[in-house]
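Q: What follows is a predicted protein model with its sequence.
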Number of protein chains: 2
Amino acid sequence: MMNMMKMKMSMKTKKIIPFLAVLVFCCSTSHAQMGENPDSAFIRQLHEKALTQSTAYPWLQHICLQIGGRLSGSPQAAQAVEYTKSMLDTLGLTQVWLQPCMVTHWVRGEKEEVTATGSVHTDKYALHALALGNSVATPKEGITGEVVEVHSLQDVENLKEQVRGKIVFYNRPMNPTRLSTFQAYGEAGDQRRSGASVAAKYGAIGVLTRSLGLRLDNHPHTGALAYKDSIEKIPAAAISTNDAEKLSAMLKAEKVKVHMRTNCQMFADAPSNNVIGEIKGSEFPDQIIVVGAHLDSWDPGQGAHDDGAGVVQSMGVLQLLKNSGYKPKRTIRCVLFMNEENGTKGAAQYAAEAARKKENHIAAIESDEGGFTPRGFSFEAIPNILPDKFAKVTQWADLLAPYGLDLSKGGSGSDVEKLKAQSTLLIGFKPDSQRYFDYHHTEIDTFDAVSKRELELGMAAMASLVYLMDKYGL
Amino acid sequence: MMNMMKMKMSMKTKKIIPFLAVLVFCCSTSHAQMGENPDSAFIRQLHEKALTQSTAYPWLQHICLQIGGRLSGSPQAAQAVEYTKSMLDTLGLTQVWLQPCMVTHWVRGEKEEVTATGSVHTDKYALHALALGNSVATPKEGITGEVVEVHSLQDVENLKEQVRGKIVFYNRPMNPTRLSTFQAYGEAGDQRRSGASVAAKYGAIGVLTRSLGLRLDNHPHTGALAYKDSIEKIPAAAISTNDAEKLSAMLKAEKVKVHMRTNCQMFADAPSNNVIGEIKGSEFPDQIIVVGAHLDSWDPGQGAHDDGAGVVQSMGVLQLLKNSGYKPKRTIRCVLFMNEENGTKGAAQYAAEAARKKENHIAAIESDEGGFTPRGFSFEAIPNILPDKFAKVTQWADLLAPYGLDLSKGGSGSDVEKLKAQSTLLIGFKPDSQRYFDYHHTEIDTFDAVSKRELELGMAAMASLVYLMDKYGL
């Protein structure tokens, strides 16, 4: 560290440094250095290959720029199935297959229109809006109603009949003081998920929700809502954080009416597929280690961080292990789940088939928090599973620490979570979370927002943990 | 961790979660929680205030968008001096002052023109190029010469007279397998810094250098060269990584001539200023702790990551400590150094005056590696200083670890390094390095490339370390 920093410093100054001193260019090597622990050497090799030989970034480029947003049931989702299978077919795996599943099929339709008009300032003001996923549409002519701003579901429970005939505006921001942006997301997300049915219970005609993002900007964030079965379904849309601030400011000064028109539609479940590839284990082929991510994405952007990054990282882990000449003892399986965003039905199908075939999944890693610099892994705290397995895993902490990877107890991911009944060690890959909710579920979740190096380092981190679990078991 | 991940998971699924369970919204608080260690509580408070009350991001917006690139001696550099002083004046510090210094004054002039023509493919091909900082210009009509590609200074030493009359093209890429991009920069940087004089020694007429970036793109990276006094000064320019690849491919197939025309000029040193503000210590006012960064930047972009981010973080540390009601025992001083990029003369002036006044700088932190998520601090390994002080600092590791901050031995920064003679503990703030060299010294080092949260977390990290050094001494 010291020497390289000195180099940086002197380079930026005019100071004459020893002039002809040619810096020794230490070539990267895939051979263990003298006396290096073999596990350290192999993990280093995985990182070097990830940074120089992986095709994960071109795969992501194709998924984002040639296919784009790929909501379950869409032609793009079908293209993503076909493309990722065809790429897995090139890797020399033991087998690659499609696993049919039925998935939620919701379509956004024509662009949403949401406008606000004040009782004093009567000019129409157009808000940046996206219908929430799985929402019903407004009637063709739209709906118009007075806006009531609230900050929680409980606020609506308190207002009760005062929201009848009105449009409820949920405006509790994500808490910026949370170091983990996922914690802030978790704390604010009930508004998007459950806000419509809570408001409908008291006769509201529609819902607007502040976008779940920490930044002030003009990009609305979509995402799924869940209606309560016994309550009327009312239309719901997210508005950008800037528009939420503006609408709230208007409401402090005057009464505001909103006109909203959404054109989305829920169809019957559609046929689709999970995409699966595996390297069969040489000693314990019945013990399966999954690396997975979700192939579907929301429609406004390209699904780059969410979750194209996880998809190509999961594929890339198998490519890396193959290209390193590693022969796994256990079966290493890449699973690309369909329909995580608005149904999780691909994951449910995968878990059901695993149970039917009595497959033994010893561990499953999910990458669904973006393609950012890796910070570690979290291990789901299933009481009767975790203590022994976590103790084993933490023995490897010193091998992973040089790559900035911490091991902690926490959550995993919504797809692999379906394997909980199997006593699988469920693992969440944790990249840096600070910028994830700038892009999440928006039109700016695009290929150019993903750094090649950060993506590749995440893949290498995942491959390293897979290698250790495979070599030493759990 | 677990609960929030569960929330995230269920939120993204259609699964009905307990419907009316209102998530408790834990308000952030600036009061110590029951039984919390007072240092932990204060460091938490610094982070919360950084994420909610700091004006560092608006300052950066002004510096980038209202002022822009601010090379030493330029009107923009003078505007940056005036603006940052005026903002420090609003903070209620003990004193704010300008420290006059003479600085390098180099001006790029009219846009560079660099074109390549093959002996077979004779169409002119325009390269994306930027003259290297401190370079001499070509004659007005430009220079034309055959291109010789090399990969090191040593290659030129071997070729000797074979480069006479030619344009030497240094094309050794940064090593992508280095986890620290600064290490890769250090290893490749001799080409930019010393390439011109090495080539001139054997009669070369000009130099092109592959840009010091890890990504393949069209943005050339400028940066300073240093001529050796006794050798003729020849013009040098950086070309984009894409153009370096293309030129190299051409050279494999045919002879290539390059025509280059640069319009830069070195003037006599110009008057400028370092900007300084401090909170006087209540118990040990003679012990000074510096937080610093450099106010000048290269001209093609806005100097956002390099080093507008460090500037507003250093100012923001004083704002944070003031707004937290903290009364430092020691003197906390923010120093904005002029002329780091192509002379380091502001820092030299600061160190000279400190020596003249017999000031006692116990520690100095520099932020000059971008406004990315903080990863820790490195402490410069000055043999007779470091062991005892580093041992003291590492006692605080557990207080900083929750924020993902590691403490290591390493380098500091080119400005604070000038204080080495004072036995000062020199500290480099270390943010995540993966994307820094995508922006460094280019036209895309702009305000929108900096994340508000990442910038603020870095500032909070710096403030936390300053707090601990102030409270416990070194």
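A: Happy to help now that I have it.
Q: how many other residues sit next to the closest residue to chain B within the stretch 201-350 of chain A?
A: Ranked by Cβ to the nearest Cβ, the top residue of the stretch 201-350 of chain A for proximity to chain B is A:Thr344, at 4.4 Å. Just so you know, the C-beta spots here come from the backbone N, C-alpha and C atoms, and that holds for glycine as well. Residues contacting A:Thr344 under the criterion other Cβ atoms under 10 Å in any protein chain shown number 27.
Q: Also A:Ala391?
A: By other Cβ under 10 Å, neighbour count at A:Ala391 equals 9.
Q: before we move on, the earlier item: so what's the backbone phi/psi at the residue of the stretch 201-350 of chain A closest to chain B?
A: phi 60, psi 30 (degrees, to the nearest 10).
Q: Hmm, A:Ser414 and it touching each other?
A: Yes - contact criterion Cβ atoms under 8 Å: A:Thr344 and A:Ser414 qualify, at 5.6 Å.
Q: Give me the three-state assignment for the most centrally placed residue in chain A.
A: Closest residue to the average C-alpha location of chain A: A:Asp368 at 3.3 Å, with Cα atoms, centre = their mean. Secondary structure for A:Asp368, judged by DSSP: H, G, I helix; E, B strand; the rest coil, is coil.
Q: for the one 10 residues further on, same thing?
A: Secondary structure assignment for A:Ser378 (three-state DSSP): strand.
Q: tally of neighbours for it?
A: Around A:Ser378 there are 23 residues (other Cβ under 10 Å).
Q: before we move on, what about the one 4 residues further on?
A: Neighbour count for A:Ile382, taken as other Cβ under 10 Å: 16.
Q: Now do the same contact list for it.
A: Applying Cβ atoms under 8 Å, 6 or more residues apart in numbering or on different chains to A:Ile382 gives the contacts A:Lys420, A:Ser423, A:Leu426.
Q: Quick one: buried ones out of the residues you listed?
A: Buried by 16 or more other Cβ atoms under 10 Å in any protein chain shown: A:Leu426, out of the contacts of A:Ile382.
Q: Output the contacts of A:Ile382 in TSV, with secondary structure, distance to chain B and pLDDT appended to each entry.
A: TSV is the format used below for those (DSSP: H, G, I helix; E, B strand; the rest coil; distance: Cβ to the nearest Cβ, whole Å; pLDDT from 0 to 100):
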residue	secondary structure	distance to chain B	pLDDT
A:Lys420	helix	11	91
A:Ser423	coil	17	86
A:Leu426	strand	10	97
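Q: okay, the contacts of A:Ile382 in TSV with distance to A:Lys111 next?
A: Formatted as TSV, the contacts of A:Ile382 follow (distance: Cβ to Cβ, whole Å):
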residue	distance to A:Lys111
A:Lys420	39
A:Ser423	47
A:Leu426	39
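Q: Name the nearest of the contacts of A:Ile382 relative to B:Thr94.
A: A:Leu426 (54.4 Å; Cβ to Cβ).
Q: ok, A:Gly133 - contacts?
A: Contacts of A:Gly133 (Cβ under 8 Å, 6+ apart): A:Leu71, A:Trp106, A:Thr222, A:Gly223, A:Ala224, A:Leu225, A:Trp298, A:Glu341, A:Asn342.
Q: The residues you listed also near chain B: which ones?
A: A:Gly223, A:Ala224, A:Glu341, A:Asn342 (Cβ under 8 Å from any Cβ of the partner chain).
Q: how is chain A carved up into domains?
A: For chain A, the structural domains run A:38-103+A:269-472, A:110-266, going by automatic domain parsing.
Q: what's the closest non-adjacent residue to A:His47?
A: Nearest-residue entry for A:His47: A:Ala460, 4.3 Å, with adjacent residues in sequence omitted and distances by Cβ to Cβ, 6 or more residues apart in numbering or on different chains.
Q: Please apply the same query to A:His151.
A: A:His151's closest residue in space is A:Arg172 (Cβ to Cβ, 6+ apart), at 4.3 Å.
Q: Wait, a strand at that neighbour?
A: No - A:Arg172 is assigned coil when assessed by three-state DSSP, not a strand.
Q: For it, give me its contacts.
A: Residues counted as contacts of A:Arg172 (Cβ under 8 Å, 6+ apart) are A:His151, A:Ser152, A:Ala188, A:Gln191, A:Arg210, B:Phe25.
Q: same thing with A:Gln79?
A: By Cβ under 8 Å, 6+ apart, the neighbours of A:Gln79 are A:Ile67, A:Arg70.
Q: Excluding chain neighbours, give the residue nearest to A:Leu425 in space.
A: Closest residue in space to A:Leu425, ignoring its immediate chain neighbours: A:Ala363 at 4.3 Å, by Cβ to Cβ, 6+ apart.
Q: hang on, the one you found in a strand?
A: Yes - under three-state DSSP, A:Ala363 sits within a strand.
Q: Please identify which helix or strand holds the closest residue to chain B within the stretch 101-250 of chain A.
A: Using Cβ to the nearest Cβ, A:Gly186 is the residue of the stretch 101-250 of chain A that sits closest to chain B, at 3.2 Å. Remark: A:Gly186 resides in helix A:181-188, with elements defined by DSSP states H and E.
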